[in-house]
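> sequence? don't have it. structure:
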Ligand SMILES: [Fe+2]
Ligand SMILES: [Fe+2]
């Protein structure tokens, strides 16, 4: 297990395996930070039910683009070009979750409650990252992710106060919960072990997925919805 902490100036001295793994994980992160804004700026920023919701979505989009910029800066420092990632649109996102439009307000809520929650778990994994420039930017980003999750949860909770709303919320959760679980990657993954060995990420895929379920499942049940079958048509096992 690698326990040293690496500054930017030490990066070049690291083995190729370390460099490759770090850049790989940052490339997914920097792409995914734009996933939300590309989904809801066009569809919900001006059609959300209340002005408070509209403002929150615009604020969230602002923060996500800022997260993208912060991670892009780290990649640029490592000599990785990111302008083409910034220009990518929805259809080109690395993770499938970010390519599927949010058709209902319930899906907008489920995006915050379930998908931003995945983001939180991934970022928590970076809080003790062996590459210090990552560790340094995580606390503020993590705090903002908590706000995105809270908004999503509030949307779903409000929907669940009426029978029609409950149906919409359940459909949204049924659609997004399996893909959220998929975002943690395969449970048996050599690369996931390598990330841990090099101190880049704190948990294995399976551990991160379980911690996610421990937070998400009680919320879903608590607002009166049914837990979707986690294994339905999924690839991660
Ligand atoms: Fe973010
Ligand atoms: Fe977020």
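Everything's here; your move. The structure displayed is predicted, hence computed values, not measured ones. Residues are numbered from 1 along each chain as shown. Ligands and ions are numbered 1, 2, ... in the order given.

> From now on I want contacts and neighbour counts done on CA atoms only, so please keep to that.
Fine.

> Which helix or which strand is home to residue 40?
Assigned by DSSP states H and E, residue 40 belongs to helix 35-43.

> neighbours of residue 127, just the number please.
Residues lying near residue 127 (other C-alpha atoms under 10 Å) number 19.

> Over to residue 102?
19.

> wait, what's in contact with the closest residue to it other than its chain neighbours?
Ranked by C-alpha to C-alpha, 6 or more residues apart in numbering and with sequence neighbours excluded, the top spatial neighbour of residue 102 is residue 108, at 5.9 Å. With contacts defined as C-alpha atoms under 8 Å, 6 or more residues apart in numbering, residue 108 is in contact with 40, 44, 102, 152.

> Repeat that for residue 92.
Each residue near residue 92 by C-alpha under 8 Å, 6+ apart is listed here: residue 99.

> Which pLDDT value belongs to it?
Listed pLDDT for residue 92 reads 97.

> hang on, the earlier thing: so the helix holding residue 40, near ligand 2 or not?
No - if you take C-alpha under 5 Å from the ion as the test, helix 35-43 misses ligand 2, and the best it gets is 7.1 Å.

> Next, the buried residues of that helix.
35, 36, 37, 38, 39, 40, 41, 43 (16 or more other C-alpha atoms under 10 Å).

> Tell me, how many residues neighbour the nearest residue to the fifth one once chain neighbours are set aside?
Spatial nearest neighbour of residue 39, excluding adjacent residues (C-alpha to C-alpha, 6+ apart): residue 101 at 6.1 Å. Residue 101 sits with 15 neighbouring residues when counted by other C-alpha under 10 Å.

> Checking residue 101 next. Helix, strand or coil?
With DSSP: H, G, I helix; E, B strand; the rest coil as the basis, residue 101 sits in coil.
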